[in-house]
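J.: sequence and predicted model, in that order:
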Amino acid sequence: MDIRQRFVDVFGGEPATVVRAPGRVNLIGEHTDYNDGYVLPIAIDRSVLVAAAPRDDRRVVLFALDFGESVEFSLDDIEHDQARTWSNYQRGVAYFLEERGIELPGLNAVVVGDVPIGSGLSSSAAVEVSMAYTWQVLAGFRLSRVELALLCQRAENEFVGMNCGIMDQFVSALGQRDHALLIDCRSLEYQPVPLPPPLAPPKPALSKVEGLGGTGGAAVVVADTMKRRGLLDSEYNTRRRECEEGVRILQRYLPQVQALRDVSVAQFEAQSSNLKVQKVRQRCRHVIHENERVLKGVAALRAGDLDTFGQLMNQSHVSLRDDYQVSCAELDIMVEAAWKVDGVYGSRMTGAGFGGCTVSLVAEGAIEDFRAQLAAAYEEATGIVPQIYVCRAEDGVSKL
Ligand code: GLA
(Lines give C-alpha, C1' and ligand atoms only; values in the text may rest on other atoms or scores of the structure.)
Protein backbone atom coordinates (compact mmCIF):
# COMPACT_ATOMS: atom_id res chain seq x y z
CA MET A 1 0.00 0.00 0.00
CA ASP A 2 1.31 3.40 -0.95
CA ILE A 3 0.51 5.59 2.02
CA ARG A 4 1.71 8.75 0.25
CA GLN A 5 -0.82 8.14 -2.50
CA ARG A 6 -3.54 7.51 0.06
CA PHE A 7 -2.69 10.82 1.69
CA VAL A 8 -2.99 12.55 -1.69
CA ASP A 9 -6.32 10.79 -2.28
CA VAL A 10 -7.71 11.93 1.09
CA PHE A 11 -6.23 15.42 1.48
CA GLY A 12 -5.36 16.45 -2.06
CA GLY A 13 -1.69 17.42 -1.44
CA GLU A 14 1.61 15.65 -0.72
CA PRO A 15 2.45 14.65 2.89
CA ALA A 16 5.36 16.51 4.47
CA THR A 17 6.58 13.34 6.19
CA VAL A 18 5.94 9.63 6.55
CA VAL A 19 6.80 7.99 9.88
CA ARG A 20 6.93 4.33 10.85
CA ALA A 21 6.77 2.99 14.42
CA PRO A 22 7.01 -0.76 15.08
CA GLY A 23 5.00 -3.09 17.26
CA ARG A 24 6.95 -5.37 19.55
CA VAL A 25 7.27 -8.89 20.79
CA ASN A 26 8.74 -9.56 24.20
CA LEU A 27 11.19 -12.48 24.32
CA ILE A 28 11.22 -12.73 28.11
CA GLY A 29 10.46 -10.54 31.14
CA GLU A 30 6.67 -10.42 31.37
CA HIS A 31 4.84 -8.28 33.91
CA THR A 32 8.18 -7.11 35.26
CA ASP A 33 8.24 -3.58 33.78
CA TYR A 34 5.83 -2.03 36.29
CA ASN A 35 7.77 -3.73 39.07
CA ASP A 36 10.89 -1.71 38.15
CA GLY A 37 12.37 -4.89 36.63
CA TYR A 38 13.97 -6.11 33.43
CA VAL A 39 12.46 -6.89 30.03
CA LEU A 40 13.87 -8.16 26.73
CA PRO A 41 11.62 -7.15 23.82
CA ILE A 42 12.33 -6.66 20.12
CA ALA A 43 10.75 -4.11 17.81
CA ILE A 44 9.22 -6.08 14.93
CA ASP A 45 8.70 -5.67 11.22
CA ARG A 46 5.02 -4.90 11.68
CA SER A 47 4.25 -1.30 12.26
CA VAL A 48 2.02 1.73 12.15
CA LEU A 49 2.62 4.29 9.40
CA VAL A 50 1.60 7.94 9.54
CA ALA A 51 1.70 10.24 6.52
CA ALA A 52 1.17 13.83 7.65
CA ALA A 53 1.35 17.48 6.70
CA PRO A 54 1.05 20.48 9.02
CA ARG A 55 -1.92 22.84 8.83
CA ASP A 56 -2.02 26.58 9.40
CA ASP A 57 -4.61 26.26 12.14
CA ARG A 58 -4.80 24.17 15.32
CA ARG A 59 -7.05 21.46 13.94
CA VAL A 60 -6.05 17.81 13.74
CA VAL A 61 -7.64 15.65 11.07
CA LEU A 62 -6.85 11.95 11.26
CA PHE A 63 -7.95 9.40 8.71
CA ALA A 64 -7.56 5.78 9.88
CA LEU A 65 -7.41 3.60 6.79
CA ASP A 66 -7.91 0.40 8.79
CA PHE A 67 -11.23 1.63 10.13
CA GLY A 68 -12.28 3.73 7.13
CA GLU A 69 -13.07 6.50 9.61
CA SER A 70 -11.86 10.01 10.22
CA VAL A 71 -11.73 12.20 13.30
CA GLU A 72 -11.24 15.91 13.70
CA PHE A 73 -10.41 17.84 16.86
CA SER A 74 -8.86 21.10 17.99
CA LEU A 75 -5.56 21.23 19.88
CA ASP A 76 -7.17 23.90 22.06
CA ASP A 77 -9.77 21.49 23.36
CA ILE A 78 -8.58 17.88 23.41
CA GLU A 79 -11.31 15.65 24.73
CA HIS A 80 -11.73 11.93 25.12
CA ASP A 81 -13.62 10.42 22.17
CA GLN A 82 -16.22 7.88 23.27
CA ALA A 83 -17.25 6.94 19.74
CA ARG A 84 -13.94 6.66 17.87
CA THR A 85 -11.87 5.29 20.69
CA TRP A 86 -8.94 4.55 18.36
CA SER A 87 -8.24 8.30 18.24
CA ASN A 88 -7.68 8.57 21.99
CA TYR A 89 -4.08 7.40 21.55
CA GLN A 90 -3.29 10.31 19.24
CA ARG A 91 -5.37 12.70 21.33
CA GLY A 92 -3.49 11.65 24.47
CA VAL A 93 -0.12 12.20 22.79
CA ALA A 94 -1.19 15.68 21.63
CA TYR A 95 -2.55 16.48 25.08
CA PHE A 96 0.68 15.65 26.90
CA LEU A 97 2.94 17.31 24.31
CA GLU A 98 0.94 20.50 24.72
CA GLU A 99 0.97 20.08 28.47
CA ARG A 100 4.78 20.11 28.31
CA GLY A 101 4.55 23.56 26.80
CA ILE A 102 5.25 22.44 23.26
CA GLU A 103 3.09 24.36 20.82
CA LEU A 104 1.98 21.92 18.14
CA PRO A 105 0.83 22.75 14.64
CA GLY A 106 -2.48 21.28 13.52
CA LEU A 107 -2.06 18.50 10.99
CA ASN A 108 -3.70 16.28 8.44
CA ALA A 109 -2.69 12.64 8.71
CA VAL A 110 -3.43 9.25 7.26
CA VAL A 111 -2.75 6.33 9.63
CA VAL A 112 -2.45 2.67 8.69
CA GLY A 113 -0.98 -0.37 10.41
CA ASP A 114 -0.26 -4.06 10.09
CA VAL A 115 0.19 -4.77 13.81
CA PRO A 116 -2.87 -6.87 14.64
CA ILE A 117 -5.02 -5.03 17.19
CA GLY A 118 -5.58 -6.64 20.59
CA SER A 119 -3.13 -9.43 19.91
CA GLY A 120 -0.43 -8.48 22.42
CA LEU A 121 1.96 -6.99 19.85
CA SER A 122 1.50 -3.42 21.08
CA SER A 123 -0.35 -1.78 18.26
CA SER A 124 -1.32 0.95 20.72
CA ALA A 125 2.29 1.82 21.55
CA ALA A 126 3.07 1.89 17.82
CA VAL A 127 0.19 4.34 17.28
CA GLU A 128 1.35 6.59 20.13
CA VAL A 129 5.02 6.58 19.18
CA SER A 130 4.33 7.12 15.48
CA MET A 131 2.14 10.11 16.32
CA ALA A 132 4.55 11.67 18.82
CA TYR A 133 7.42 11.31 16.37
CA THR A 134 5.36 12.74 13.50
CA TRP A 135 4.77 15.86 15.59
CA GLN A 136 8.44 15.98 16.50
CA VAL A 137 9.40 15.88 12.82
CA LEU A 138 6.84 18.56 11.92
CA ALA A 139 7.43 20.88 14.90
CA GLY A 140 11.14 20.24 15.49
CA PHE A 141 11.01 20.25 19.32
CA ARG A 142 13.78 18.61 21.32
CA LEU A 143 12.83 15.46 23.20
CA SER A 144 15.01 12.38 23.51
CA ARG A 145 13.54 9.07 22.46
CA VAL A 146 13.35 8.01 26.09
CA GLU A 147 11.35 11.17 26.87
CA LEU A 148 9.14 10.48 23.88
CA ALA A 149 8.48 6.94 25.14
CA LEU A 150 7.65 8.22 28.64
CA LEU A 151 5.26 10.77 27.21
CA CYS A 152 3.50 8.09 25.17
CA GLN A 153 3.22 5.86 28.23
CA ARG A 154 1.65 8.76 30.09
CA ALA A 155 -0.85 9.26 27.26
CA GLU A 156 -1.83 5.62 27.57
CA ASN A 157 -1.99 5.67 31.39
CA GLU A 158 -3.74 8.97 31.92
CA PHE A 159 -5.65 9.67 28.71
CA VAL A 160 -6.58 6.21 27.41
CA GLY A 161 -6.78 4.82 30.95
CA MET A 162 -4.66 1.67 30.57
CA ASN A 163 -2.13 1.51 33.36
CA CYS A 164 0.69 -0.09 31.31
CA GLY A 165 4.41 -0.08 32.09
CA ILE A 166 7.12 1.43 29.88
CA MET A 167 8.24 -1.60 27.83
CA ASP A 168 6.10 -1.22 24.71
CA GLN A 169 6.59 2.48 24.06
CA PHE A 170 10.28 2.20 24.90
CA VAL A 171 11.09 -0.51 22.41
CA SER A 172 8.87 1.03 19.73
CA ALA A 173 10.95 4.21 20.10
CA LEU A 174 14.40 2.70 20.69
CA GLY A 175 14.43 -0.81 19.22
CA GLN A 176 17.43 -1.87 17.12
CA ARG A 177 17.57 -4.01 14.03
CA ASP A 178 18.72 -7.62 14.65
CA HIS A 179 18.86 -6.97 18.40
CA ALA A 180 16.67 -7.42 21.41
CA LEU A 181 16.73 -4.60 23.97
CA LEU A 182 17.53 -5.36 27.59
CA ILE A 183 15.72 -2.56 29.41
CA ASP A 184 16.14 -1.74 33.06
CA CYS A 185 12.67 -0.33 33.70
CA ARG A 186 13.84 1.53 36.80
CA SER A 187 16.84 3.45 35.47
CA LEU A 188 15.65 3.27 31.83
CA GLU A 189 19.16 2.23 30.84
CA TYR A 190 19.19 -0.24 28.00
CA GLN A 191 21.57 -2.48 26.13
CA PRO A 192 21.14 -4.00 22.68
CA VAL A 193 21.60 -7.78 22.76
CA PRO A 194 22.43 -9.38 19.39
CA LEU A 195 20.00 -12.04 18.21
CA PRO A 196 21.30 -15.25 16.66
CA PRO A 197 21.78 -14.74 12.92
CA PRO A 198 18.58 -15.75 11.13
CA LEU A 199 20.27 -16.92 7.97
CA ALA A 200 22.94 -19.25 9.29
CA PRO A 201 22.85 -22.68 7.64
CA PRO A 202 20.64 -25.25 9.42
CA LYS A 203 22.32 -27.84 11.60
CA PRO A 204 22.23 -31.27 10.01
CA ALA A 205 20.79 -33.42 12.77
CA LEU A 206 18.45 -31.61 15.12
CA SER A 207 17.47 -33.71 18.03
CA LYS A 208 15.82 -32.72 21.28
CA VAL A 209 17.81 -35.31 23.16
CA GLU A 210 21.18 -33.97 22.12
CA GLY A 211 20.00 -30.40 22.46
CA LEU A 212 19.97 -28.12 19.50
CA GLY A 213 23.53 -27.00 19.76
CA GLY A 214 22.77 -23.35 20.02
CA THR A 215 25.22 -21.71 17.67
CA GLY A 216 23.22 -22.08 14.44
CA GLY A 217 20.63 -19.70 13.13
CA ALA A 218 17.31 -19.27 14.83
CA ALA A 219 14.23 -17.23 14.25
CA VAL A 220 11.70 -15.51 16.44
CA VAL A 221 8.28 -16.83 15.46
CA VAL A 222 5.05 -15.24 16.63
CA ALA A 223 1.85 -17.29 16.63
CA ASP A 224 -1.44 -15.46 17.05
CA THR A 225 -4.10 -17.52 18.81
CA MET A 226 -6.69 -15.15 17.26
CA LYS A 227 -8.27 -14.97 20.70
CA ARG A 228 -8.65 -11.27 21.36
CA ARG A 229 -7.90 -10.21 24.86
CA GLY A 230 -10.79 -10.00 27.23
CA LEU A 231 -10.75 -8.68 30.81
CA LEU A 232 -7.38 -7.21 30.15
CA ASP A 233 -7.56 -3.83 31.82
CA SER A 234 -9.19 -4.96 35.03
CA GLU A 235 -7.04 -8.06 35.49
CA TYR A 236 -3.90 -6.12 34.60
CA ASN A 237 -4.65 -3.52 37.23
CA THR A 238 -5.46 -6.22 39.77
CA ARG A 239 -2.04 -7.84 39.17
CA ARG A 240 -0.38 -4.48 39.68
CA ARG A 241 -2.16 -4.02 43.00
CA GLU A 242 -1.25 -7.53 44.15
CA CYS A 243 2.42 -6.81 43.43
CA GLU A 244 2.22 -3.56 45.39
CA GLU A 245 0.63 -5.43 48.26
CA GLY A 246 3.52 -7.91 48.18
CA VAL A 247 6.01 -5.03 48.33
CA ARG A 248 4.25 -3.52 51.37
CA ILE A 249 4.49 -6.80 53.26
CA LEU A 250 8.06 -7.62 52.23
CA GLN A 251 9.16 -4.13 53.32
CA ARG A 252 8.43 -5.09 56.93
CA TYR A 253 11.21 -7.66 56.73
CA LEU A 254 13.38 -6.08 54.05
CA PRO A 255 13.08 -2.32 54.62
CA GLN A 256 15.30 -1.37 51.66
CA VAL A 257 12.81 -2.87 49.18
CA GLN A 258 11.07 -0.28 46.99
CA ALA A 259 9.72 -2.62 44.32
CA LEU A 260 9.77 -6.37 43.60
CA ARG A 261 12.85 -5.69 41.51
CA ASP A 262 14.79 -5.24 44.77
CA VAL A 263 14.00 -8.73 46.07
CA SER A 264 16.40 -11.53 45.14
CA VAL A 265 15.23 -15.09 44.66
CA ALA A 266 17.04 -16.10 47.87
CA GLN A 267 15.40 -13.30 49.87
CA PHE A 268 12.02 -14.27 48.49
CA GLU A 269 12.50 -17.93 49.42
CA ALA A 270 13.42 -16.86 52.96
CA GLN A 271 10.45 -14.50 53.35
CA SER A 272 7.71 -16.09 51.27
CA SER A 273 5.93 -17.62 54.26
CA ASN A 274 5.23 -14.06 55.44
CA LEU A 275 3.12 -13.54 52.35
CA LYS A 276 0.02 -15.19 53.75
CA VAL A 277 -2.33 -14.47 50.87
CA GLN A 278 -1.59 -17.16 48.32
CA LYS A 279 -2.24 -15.00 45.27
CA VAL A 280 0.07 -12.27 46.48
CA ARG A 281 2.79 -14.84 47.16
CA GLN A 282 2.35 -16.34 43.69
CA ARG A 283 2.46 -12.95 41.94
CA CYS A 284 5.64 -12.04 43.77
CA ARG A 285 7.22 -15.40 43.01
CA HIS A 286 6.58 -14.92 39.31
CA VAL A 287 8.00 -11.40 39.12
CA ILE A 288 11.08 -12.13 41.22
CA HIS A 289 12.00 -15.28 39.30
CA GLU A 290 11.15 -13.65 35.98
CA ASN A 291 13.60 -10.83 36.60
CA GLU A 292 16.29 -13.40 37.24
CA ARG A 293 15.30 -15.30 34.09
CA VAL A 294 15.76 -12.16 31.99
CA LEU A 295 19.32 -11.66 33.22
CA LYS A 296 20.15 -15.33 32.77
CA GLY A 297 18.55 -15.23 29.34
CA VAL A 298 20.68 -12.29 28.25
CA ALA A 299 23.83 -14.10 29.40
CA ALA A 300 22.72 -17.21 27.48
CA LEU A 301 21.99 -15.24 24.30
CA ARG A 302 25.36 -13.51 24.50
CA ALA A 303 27.04 -16.91 24.91
CA GLY A 304 25.09 -18.30 21.94
CA ASP A 305 23.43 -20.80 24.28
CA LEU A 306 19.97 -20.99 22.74
CA ASP A 307 19.08 -24.20 24.57
CA THR A 308 19.31 -22.38 27.90
CA PHE A 309 17.48 -19.36 26.55
CA GLY A 310 14.67 -21.61 25.33
CA GLN A 311 14.37 -23.36 28.68
CA LEU A 312 14.04 -19.99 30.38
CA MET A 313 11.24 -19.08 27.95
CA ASN A 314 9.44 -22.30 28.84
CA GLN A 315 9.82 -21.63 32.57
CA SER A 316 8.49 -18.13 32.03
CA HIS A 317 5.34 -19.54 30.43
CA VAL A 318 4.72 -22.00 33.25
CA SER A 319 5.15 -19.23 35.79
CA LEU A 320 2.78 -16.88 33.92
CA ARG A 321 0.25 -19.69 33.67
CA ASP A 322 0.41 -21.02 37.22
CA ASP A 323 1.66 -18.21 39.42
CA TYR A 324 0.72 -15.01 37.62
CA GLN A 325 -2.40 -16.58 36.10
CA VAL A 326 -2.54 -14.44 32.96
CA SER A 327 -2.57 -17.22 30.36
CA CYS A 328 -5.69 -18.77 28.86
CA ALA A 329 -6.64 -22.09 27.25
CA GLU A 330 -5.72 -20.94 23.73
CA LEU A 331 -2.28 -19.67 24.75
CA ASP A 332 -1.55 -22.87 26.68
CA ILE A 333 -2.59 -25.05 23.74
CA MET A 334 -0.39 -23.07 21.35
CA VAL A 335 2.63 -23.16 23.67
CA GLU A 336 2.28 -26.84 24.47
CA ALA A 337 1.98 -27.64 20.77
CA ALA A 338 5.15 -25.65 20.09
CA TRP A 339 7.07 -27.49 22.82
CA LYS A 340 6.42 -30.76 20.97
CA VAL A 341 7.92 -29.68 17.64
CA ASP A 342 11.53 -30.69 16.91
CA GLY A 343 13.79 -27.72 16.45
CA VAL A 344 12.02 -25.49 18.97
CA TYR A 345 14.30 -24.02 21.64
CA GLY A 346 11.47 -22.52 23.67
CA SER A 347 7.99 -21.05 23.53
CA ARG A 348 5.83 -18.87 25.77
CA MET A 349 2.95 -16.46 25.82
CA THR A 350 4.03 -12.88 25.15
CA GLY A 351 2.57 -9.54 26.23
CA ALA A 352 -0.02 -8.97 28.90
CA GLY A 353 -1.86 -12.30 28.36
CA PHE A 354 -5.53 -13.40 28.37
CA GLY A 355 -5.27 -14.05 24.63
CA GLY A 356 -3.05 -12.73 21.87
CA CYS A 357 0.23 -14.26 20.77
CA THR A 358 2.94 -16.70 21.70
CA VAL A 359 6.61 -16.25 20.87
CA SER A 360 8.89 -19.15 20.02
CA LEU A 361 12.57 -19.44 19.25
CA VAL A 362 12.95 -21.92 16.42
CA ALA A 363 16.06 -23.36 14.74
CA GLU A 364 16.41 -21.99 11.25
CA GLY A 365 16.09 -25.35 9.52
CA ALA A 366 12.91 -26.21 11.39
CA ILE A 367 10.77 -23.16 10.64
CA GLU A 368 8.58 -24.60 7.90
CA ASP A 369 7.87 -27.79 9.86
CA PHE A 370 7.17 -25.68 12.90
CA ARG A 371 4.63 -23.56 11.06
CA ALA A 372 2.84 -26.57 9.62
CA GLN A 373 2.78 -28.67 12.79
CA LEU A 374 1.83 -25.80 15.06
CA ALA A 375 -0.99 -24.63 12.82
CA ALA A 376 -2.35 -28.17 12.47
CA ALA A 377 -2.19 -28.95 16.20
CA TYR A 378 -3.78 -25.65 17.19
CA GLU A 379 -6.55 -25.90 14.65
CA GLU A 380 -7.27 -29.48 15.63
CA ALA A 381 -7.59 -28.53 19.30
CA THR A 382 -9.51 -25.27 18.94
CA GLY A 383 -11.06 -25.18 15.47
CA ILE A 384 -9.30 -21.82 14.95
CA VAL A 385 -6.78 -21.15 12.18
CA PRO A 386 -3.84 -19.29 13.76
CA GLN A 387 -1.65 -16.68 12.10
CA ILE A 388 2.04 -17.51 12.29
CA TYR A 389 4.82 -15.08 11.34
CA VAL A 390 8.58 -15.12 11.42
CA CYS A 391 9.61 -11.77 12.89
CA ARG A 392 12.64 -9.76 12.16
CA ALA A 393 13.99 -7.38 14.81
CA GLU A 394 13.76 -3.87 13.40
CA ASP A 395 14.77 -0.36 14.36
CA GLY A 396 12.51 1.79 16.47
CA VAL A 397 10.54 4.72 15.11
CA SER A 398 11.95 6.42 12.04
CA LYS A 399 11.13 8.73 9.18
CA LEU A 400 10.76 6.90 5.88
C1 GLA B 1 1.44 -4.92 28.37
C2 GLA B 1 1.91 -3.60 28.94
C3 GLA B 1 3.42 -3.63 29.22
C4 GLA B 1 3.78 -4.86 30.06
C5 GLA B 1 3.18 -6.13 29.46
C6 GLA B 1 3.39 -7.34 30.33
O7 GLA B 1 2.01 -5.12 27.10
O8 GLA B 1 1.65 -2.55 28.03
O9 GLA B 1 3.82 -2.44 29.86
O10 GLA B 1 3.40 -4.70 31.39
O11 GLA B 1 1.79 -5.99 29.24
O12 GLA B 1 4.73 -7.66 30.40
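T.: Sure, I can see it.

J.: so what's residue 228 scoring on pLDDT?
T.: In the prediction, the pLDDT value recorded for residue 228 is 88.

J.: nearest residue to it other than its sequence neighbours?
T.: Counting by CB to CB, 6 or more residues apart in numbering, the nearest residue to residue 228 once its immediate chain neighbours are dropped is residue 118, at 4.3 Å. To be clear about C-beta, it is placed using only N, CA and C from the backbone, and glycine gets the same treatment.

J.: and the gap between the one you found and the ligand?
T.: 11 Å (CB to the nearest ligand atom, to the nearest Å).

J.: now do that residue: how many residues are near it, please.
T.: Using other CB atoms under 10 Å, the number of residues around residue 118 comes to 14.

J.: contacts only, for it.
T.: For residue 118, the set of contacting residues under the criterion of CB atoms under 8 Å, 6 or more residues apart in numbering consists of 228, 229, 355, 356.

J.: isn't the second one right next to residue 120, touching?
T.: Pointing back at residue 229 there. Yes: under the contact definition of CB atoms under 8 Å, residue 229 touches residue 120, with a separation of 6.9 Å.

J.: and the host helix or strand of residue 307 with the ligand, contact?
T.: Assignment of secondary structure by DSSP states H and E places residue 307 within helix 306-322. No: for a cut-off given as CB under 6 Å from any ligand atom, helix 306-322 has no contacts with the ligand; the smallest distance is 9.1 Å.

J.: tell me the mean pLDDT over that helix?
T.: Within the predicted structure, the mean pLDDT of helix 306-322 is 98.

J.: now it: how far from the chain's centre is it?
T.: Counting by CA atoms, centre = their mean, to the nearest Å, helix 306-322 is centred 17 Å from the centre of its parent chain.

J.: name the helices or strands packed onto that helix?
T.: strand 17-28, helix 278-302, helix 329-339, strand 344-349, strand 357-363 (3 or more CB pairs under 8 Å, 6 or more residues apart in numbering; DSSP states H and E).

J.: related to what we said a few turns ago, which of the contacts of residue 118 fall within strands?
T.: Using DSSP state E, the subset of these located in strands is empty.

J.: let me have those residues in TSV, adding neighbour count and distance to residue 133 as columns.
T.: Rendered in TSV, the data for these read as follows (neighbours: other CB atoms under 10 Å; distance: CB to CB, whole Å):
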residue	neighbour count	distance to residue 133
228	15	27
229	20	26
355	25	29
356	25	25
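
J.: format the residues you listed as JSON lines; extra columns: distance to residue 219.
T.: Written out in JSON lines, the entries for these read as follows (distance: CB to CB, whole Å):
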{"residue": "228", "distance to residue 219": "25"}
{"residue": "229", "distance to residue 219": "25"}
{"residue": "355", "distance to residue 219": "23"}
{"residue": "356", "distance to residue 219": "19"}
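
J.: please convert the residues you listed to CSV, extending it with distance to the ligand.
T.: Conversion of these to CSV gives the following (distance: CB to the nearest ligand atom, whole Å):
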residue, distance to the ligand
228, 14
229, 10
355, 12
356, 9
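
J.: quick one: which of those residues is nearest residue 180?
T.: residue 356 (19.0 Å; CB to CB).

J.: nearest residue to the closest one other than its sequence neighbours?
T.: For residue 356, the nearest residue in space outside its immediate sequence neighbours is residue 120; the separation is 2.8 Å by CB to CB, 6+ apart.

J.: circling back: from residue 133, how far off is the residue nearest to residue 228?
T.: 23 Å (CB to CB, to the nearest Å).

J.: for the residue lying closest to residue 351 once chain neighbours are set aside, what are its contacts?
T.: Setting aside the residues directly before and after it, residue 351 is nearest to residue 120 in space (CB to CB, 6+ apart), at 2.8 Å. Residue 120 sits next to 229, 349, 350, 351, 352, 353, 355, 356, 357 when contact means CB under 8 Å, 6+ apart.

J.: next one: residue 350
T.: Applying CB under 8 Å, 6+ apart to residue 350 gives the contacts 25, 26, 27, 30, 120, 222, 356, 357, 358, 359.
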